[in-house]
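Visitor: This is a predicted model, with the sequence first.
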Amino acid sequence: MMALKISVRNVLRNRRRSSMTAAAIALGTAAVLLLGALMTYIILDFQTATVRRTGHLAIFKKGYFQFGSGNPVAYGISGYSSVIDRVLRDSELAPMVTVATPMQTVFGIAGNYEANASKTFMGQGIVPADRVRMRQWNAYGLESSTGTKPPLQADDGGIIGLGLARMLGMCEELSVSDCPRRPGAVAGNDQAVGEFDELIRRESQANNATPRQARRIDLLAATAQGAPNVVSLQVERAEFQGVKDLDDAYVIMQLPLAQRLLYGRGEPKVTGILLQLRQTDQIASARARLAALFSQEQLDLEVRDFAELTPFYKQALAFFTFIFTFVALVIGVIVLFTILNTMSMAVMERTSEIGTSRALGVQRSTLQAQFVLEGTLLGMAGATLGVLLAGVIVTVINHSGVTWTPPASAGAIPLQLYLLRNSTLVAGAWISLVAIAAGAAVWPAYRAARLPVVDALRHV
């Protein structure tokens, strides 16, 4: 207790220098916390958006992850309804799974022959009600947009990307703003477009199709047997998909329509089954249970998590981790040299006192511990002030209504800094900076303890 009192008095002896040192540590602590809070929010928001779109886990037929994107029909899951039912009835999986929904990947050509336009597309057949439930997932309590647009209504309804709507000449029909008028057909493509249009007309006549309605396009794809097949899609709206390449080709449709396009009158299958869990940290246990269940049932299926399905997530996580680590190291070095300079000046000013203390029998280890304790107190004071400062700034920003548009997002969302609920970040930053401050005081303390008593007493 006496050592603590002496250390406090020594710190307060030069209030201006101690205040500047504590202020430097406080600013460093606040900077680390604010950066960490922003990085944490970006990562959690990105994870939330990804989980809402793809779920936590996806069940595929074995080999699809490596080769299925080239031919999804060949890797369709038969009897997918029984697989979903088996997952939801499992005593271990049922408490973890919130949504289990099938989806079908589709590749082909989308055409609007009334505008003499066609474009290759990629899309998904989905169960709209399940996707609405998936968009409600918000395990981290982020105030991000869940989307207010209605799900697909018609059995033959669909949603296309804004870029695809532009290329198919449907800007006016879909009320797409800032959409230039489509120029005439490119020379050399007239024959291909004409053949596509003729195929659509023949398919429509063969299926006794009703007269075409506004905002309809035709989708052409090869069935599981290799024969061309065409279905008509009623476009309910166009939406920006966040990435131009995806926006120029994406089509969302009802699952039965996608199955009819790819399997015709054959057995309907699906590309995969998406599973959304209550918490992200349940992925490992759920995946292990699914693997055991498939092995037990002898099902030719495999499981992939959302990080594997979205490689950009891992890359973004590594990038943000690198930035945070680099900035934290720079701030740590600044704090280190600040404490080192402050304690070195304190040793120089108190050389005579050090000599007197040594002459009175004070041990070197006691003197050394005294200076380290002073550095630790400065670190604790600065780090605590930094935490309080960061808390105030975070509260102001979170209640300011500031919005931003994350990468690959279709719209702006409220900006939040994830700090007040992130005790690990706060504790880690506080402990790290206090430890750096204590470590920085070791060398000046060692020098003070090793001063020769006679030289110290003669110091003026």
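Guide: Alright, I've got the coordinates.
Visitor: Please make it C-alpha for all contacts and neighbour counts, starting now.
Guide: Will do.
Visitor: Could you verify that V230 is part of a strand?
Guide: Yes: read with DSSP: H, G, I helix; E, B strand; the rest coil, V230 is one of the residues of a strand.
Visitor: Now that it has come up, it's in contact with I217, right?
Guide: No: applying Cα atoms under 8 Å, one finds V230 not in contact with I217, separated by 10.2 Å.
Visitor: Would you map the helices across the stretch 201-350 of the chain?
Guide: Secondary structure of the stretch 201-350 of the chain (DSSP state H, counting those that start in this stretch): helices located at 244-247, 255-263, 283-297, 306-309, 311-349.
Visitor: In the helix or strand just after the longest one, which residues are buried?
Guide: Using DSSP states H and E, the helix or strand that follows helix 311-349 towards the C-terminus is helix 351-359. Of the residues in helix 351-359, those scored as buried under the neighbour-count criterion (16 or more other Cα atoms under 10 Å) are 351-352, 354-358.
Visitor: pLDDT and distance to V434 for the residues you listed - can I get that in CSV?
Guide: Rendered in CSV, the data for these read as follows (pLDDT from 0 to 100; distance: Cα to Cα, whole Å):
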residue, pLDDT, distance to V434
T351, 75, 26
S352, 76, 29
I354, 72, 25
G355, 77, 29
T356, 77, 30
S357, 75, 27
R358, 71, 28
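Visitor: And the residues you listed, which is closest to S295?
Guide: Proximity of the buried residues of helix 351-359 to S295 was ranked by Cα to Cα; the top entry is I354 with 73.8 Å.
Visitor: Surely the closest one and A448 touch.
Guide: Yes: applying Cα under 8 Å, one finds I354 in contact with A448, separated by 7.1 Å.
Visitor: what touches both of the two?
Guide: Taking Cα atoms under 8 Å, 6 or more residues apart in numbering as the criterion, I354 and A448 both touch L367.
Visitor: Select the longest strand from this protein.
Guide: As assigned by DSSP state E, the longest strand anywhere in the chain is strand 97-112.
Visitor: Packing partners of the helix or strand just after that one?
Guide: Downstream of strand 97-112, the first helix or strand assigned by DSSP H and E is strand 117-126. Here strand 117-126 is seen to pack against strand 97-112, helix 162-167, strand 250-254, helix 255-263 when contacts are counted using 3 or more Cα pairs under 8 Å, 6 or more residues apart in numbering; DSSP states H and E.
Visitor: Give me the domain ranges for the chain.
Guide: With domains defined by automatic domain parsing, the chain comprises 2-47+314-458, 63-299.
Visitor: And the ones you listed: which comes nearest R53?
Guide: Taking the domains of the chain one by one with Cα to Cα, domain 63-299 is closest: 7.2 Å.
Visitor: okay, how far is it across the closest one, tip to tip?
Guide: Terminal residues of domain 63-299 are spaced 13 Å apart (Cα to Cα, to the nearest Å).
Visitor: cool, stretch 293-308 as well?
Guide: Taking Cα to Cα, stretch 293-308 runs 21 Å from one end to the other.
Visitor: which residues sit against that stretch?
Guide: For stretch 293-308, contacts defined as Cα under 8 Å, 6+ apart pick out 50-51, 54-62, 283, 287, 290-291, 313-314.
Visitor: Go again with 10 Å.
Guide: Stretch 293-308 is touched from outside by 47, 50-51, 53-65, 77, 83, 86-87, 90, 272-276, 283-284, 286-292, 313-315, with contacts defined as Cα atoms under 10 Å, 6 or more residues apart in numbering.
Visitor: so how far is that stretch from its chain's centroid?
Guide: For stretch 293-308, the separation from the chain centroid amounts to 24 Å (computed by Cα atoms, centre = their mean, to the nearest Å).
Visitor: Now do the buried residues in that stretch.
Guide: Residues of stretch 293-308 classed as buried by neighbour count (16+ other Cα under 10 Å): 294, 301-307.
Visitor: ok, back up a step: closest one to G169 among the helices of the stretch 201-350 of the chain?
Guide: Of all the helices of the stretch 201-350 of the chain, helix 244-247 comes closest under Cα to Cα, at 14.6 Å.
Visitor: From the contact counts, what lies against that closest one?
Guide: With contacts taken as 3 or more Cα pairs under 10 Å, 6 or more residues apart in numbering; DSSP states H and E, helix 244-247 sits against strand 117-126, strand 157-161, helix 162-167.
Visitor: Each with direction, which strands does the longest one pair with?
Guide: If I follow you right, that is strand 117-126. strand 97-112 (antiparallel), strand 250-254 (parallel) (DSSP bridges).
Visitor: just to revisit the earlier point, buried by neighbour count: which residues of the longest strand of the chain qualify?
Guide: Residues of strand 97-112 classed as buried: 97-112 (neighbour count, 16+ other Cα under 10 Å).
Visitor: sorry, back to before: as JSON lines, the strands paired with strand 117-126 with distance to F240 would be great.
Guide: Below are the strands paired with strand 117-126 laid out as JSON lines (distance: least, Cα to Cα, whole Å):
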{"stretch": "strand 97-112", "distance to F240": "17"}
{"stretch": "strand 250-254", "distance to F240": "10"}
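Visitor: what do V230 and I217 both touch?
Guide: When contacts are counted by Cα under 10 Å, 6+ apart, V230 and I217 have A110 as shared neighbours.
Visitor: For beta bridges, what are the partners of the closest residue to L255 other than its chain neighbours?
Guide: Excluding the flanking residues, the one nearest L255 by Cα to Cα, 6 or more residues apart in numbering is G125, at 4.0 Å. Per DSSP bridges, the residues bridged to G125 are Q104, M253.
Visitor: pLDDT value on D300, please?
Guide: pLDDT, D300: 92.
Visitor: same question but for G188, I mixed them up
Guide: For G188, the model assigns a pLDDT of 39.
Visitor: same deal with G428?
Guide: 92.
Visitor: cool, and the one 10 residues further on?
Guide: For A438, the pLDDT comes out at 88.
Visitor: Would you confirm that it contacts Q368?
Guide: No: checked against Cα atoms under 10 Å, the pair A438 and Q368 is beyond contact range at 11.6 Å.
Visitor: More neighbours: which of the two?
Guide: A438 (23 against 20; other Cα atoms under 10 Å).
Visitor: In which helix or strand does the more buried one reside?
Guide: The secondary structure element spanning A438 is helix 423-440 (assigned by DSSP H and E).
Visitor: buried set for that helix?
Guide: 425-426, 429-430, 432-440.
Visitor: Kindly report the same for stretch 3-13.
Guide: By neighbour count on 16+ other Cα under 10 Å, the buried set for stretch 3-13 is 7, 10-11.
Visitor: just the residues you listed now: which is nearest T223?
Guide: Using Cα to Cα, the buried residues of stretch 3-13 come closest to T223 at V11, 80.0 Å.
Visitor: How about the contacts made by that closest one?
Guide: Per Cα under 10 Å, 6+ apart, neighbours of V11: 5, 17-19, 343, 346, 371, 373-375, 377-378.
Visitor: do that again at 7 Å, thanks
Guide: By Cα atoms under 7 Å, 6 or more residues apart in numbering, the contact set of V11 is 18, 374.
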